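Participant: Return atomic coordinates for the entry below.
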Amino acid sequence: MDNGLDMPRVAAIYDKTAAFYDSVVADLQASAKLVAIEVLDRRPRERFLEVGAGTAWVFERIVAVSGVEGAIASDVAAGMLEVSRQRLQDEAGIRHPPLMLADTTALPFVDGAFDCLLVTYTLEVLPSDAMLPALRECLRVLRPVRRCIALNLTP
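Facilitator: You can find the predicted model right below:
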């Protein structure tokens, strides 16, 4: 079923909701995201990418345990990345957070750049015709021996 969205519209929606996003959804998504973090089991210095990082709620928790070295958080919405930047600087003490504005369907990384990847509650908000290309991109940027966790609301 077509959701009627395109990537610029998705970015605009999340730019406008970034400042209050966590106050609306963080508690509702927390338990599932904590399980995803545990299953991902990122190890120190592994190259890690979070796709659709939003406010960096998950990213902050992963790098707190495994370190920021080799980790990157990406999102299509500049507003979300600004909230992420503030969170990672203020709460995690990361002076220069590794954040990147990126379209999930065209990730700006070479093939096999990462050991592990996490995407949570992102696929269902993409345009309907972008879900499969986004998943292909996630797999493309992972090394042959890889871990990819995708947490989603929709089948």
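Participant: Excluding covalently adjacent residues, which one is nearest to residue 144?
Facilitator: residue 112 (6.9 Å; CB to CB, 6 or more residues apart in numbering). Quick note: C-beta positions are derived from backbone N, CA and C, even for glycine.
Participant: Okay, now the unreliable bits of this protein?
Facilitator: Of all residues in the chain, those with pLDDT under 70 make up the ranges 1-3, 154-155.
Participant: Any idea how far the biggest helix by length in it is from the middle of the chain?
Facilitator: The single longest helix within the chain, with elements called by DSSP state H, is helix 21-40. Put simply, helix 21-40 sits 12 Å off its chain's centre (CA atoms, centre = their mean, to the nearest Å).
Participant: what sits against residue 44?
Facilitator: 66-67, 69 (CB atoms under 8 Å, 6 or more residues apart in numbering).
Participant: now with 7 Å?
Facilitator: By CB atoms under 7 Å, 6 or more residues apart in numbering, the contact set of residue 44 is 66-67.
Participant: if we can go back for a sec, so the residue nearest to residue 144 sits against residue 146, correct?
Facilitator: No. If you go by CB atoms under 7 Å, residue 112 and residue 146 don't touch, sitting 8.5 Å apart.
Participant: Please, where are all the strands along the protein?
Facilitator: 48-51, 71-75, 99-101, 114-120, 142-151 (DSSP state E).
Participant: Alpha carbons only: can I get stretch 4-22 in CSV?
Facilitator: What follows is stretch 4-22, C-alpha atoms only, in CSV (Å, rounded to 0.1, in the frame of the first residue of the first chain):
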residue,chain,number,x,y,z
GLY,A,4,1.9,8.8,-0.3
LEU,A,5,5.3,10.0,1.0
ASP,A,6,8.5,10.9,-0.7
MET,A,7,11.9,11.4,0.9
PRO,A,8,11.8,15.2,1.0
ARG,A,9,8.4,15.0,2.8
VAL,A,10,9.7,12.4,5.3
ALA,A,11,12.7,14.7,6.0
ALA,A,12,10.3,17.7,6.4
ILE,A,13,8.0,15.8,8.9
TYR,A,14,11.0,14.8,11.1
ASP,A,15,12.6,18.2,10.9
LYS,A,16,9.4,19.7,12.3
THR,A,17,8.9,17.1,15.0
ALA,A,18,12.6,16.7,16.1
ALA,A,19,12.4,19.0,19.1
PHE,A,20,9.6,17.1,20.8
TYR,A,21,9.9,13.7,19.2
ASP,A,22,11.3,11.9,22.3
